[in-house]
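Undergrad: Sharing a model that was predicted from the sequence below.
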Amino acid sequence: MSKQDLIDAVAEKCDMTKDKAKDAVEAMITQIAHSMKSGGDIRIPDFGTFKVAKRKAREGRNPATGKTIQIPAANVPKFTPAKKLKDLLN
């Protein structure tokens, strides 16, 4: 499902225009991103949790040359599905 497919589905399900559905979907995505950027978790019951994990700096290898390189520390997004979502998929 693409972002546009999601917007179309929200518009149909909520009986709203596609422009309003687009605003709603984009506002949700923006809010999740801002909350994660500030280090917060987003918990959506029966769906899952979006959170930020800290990845430590580590050594890696350049596959082309085999040379050892330093990979810097980074913050990475994580999604943990809720039990209800897992059960729905299985």
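TA: Happy to help now that I have it. A quick note: this is a predicted structure, and the numbers were derived from the prediction, not measured.
Undergrad: alpha carbons only for contacts and neighbour counts from here, please
TA: Fine.
Undergrad: show me what contacts residue 71?
TA: By Cα atoms under 8 Å, 6 or more residues apart in numbering, the contact set of residue 71 is 57-60.
Undergrad: go again using 10 Å as the cut-off
TA: For residue 71, the contact set (Cα atoms under 10 Å, 6 or more residues apart in numbering) comprises 55-61.
Undergrad: Quick check: it vs residue 8, distance?
TA: 40 Å (Cα to Cα, to the nearest Å).
Undergrad: Can you check the pLDDT for residue 40?
TA: With respect to pLDDT, residue 40 scores 88.
Undergrad: Now it, what are its backbone angles?
TA: Dihedral angles of residue 40 (phi, psi; degrees, to the nearest 10) stand at phi -90, psi 160.
Undergrad: Not counting sequence-adjacent ones, nearest residue to it?
TA: Using Cα to Cα, 6 or more residues apart in numbering and skipping the chain neighbours, the partner closest in space to residue 40 is residue 51 (6.7 Å).
Undergrad: got it, and residue 58?
TA: Excluding the flanking residues, the one nearest residue 58 by Cα to Cα, 6+ apart is residue 71, at 5.3 Å.
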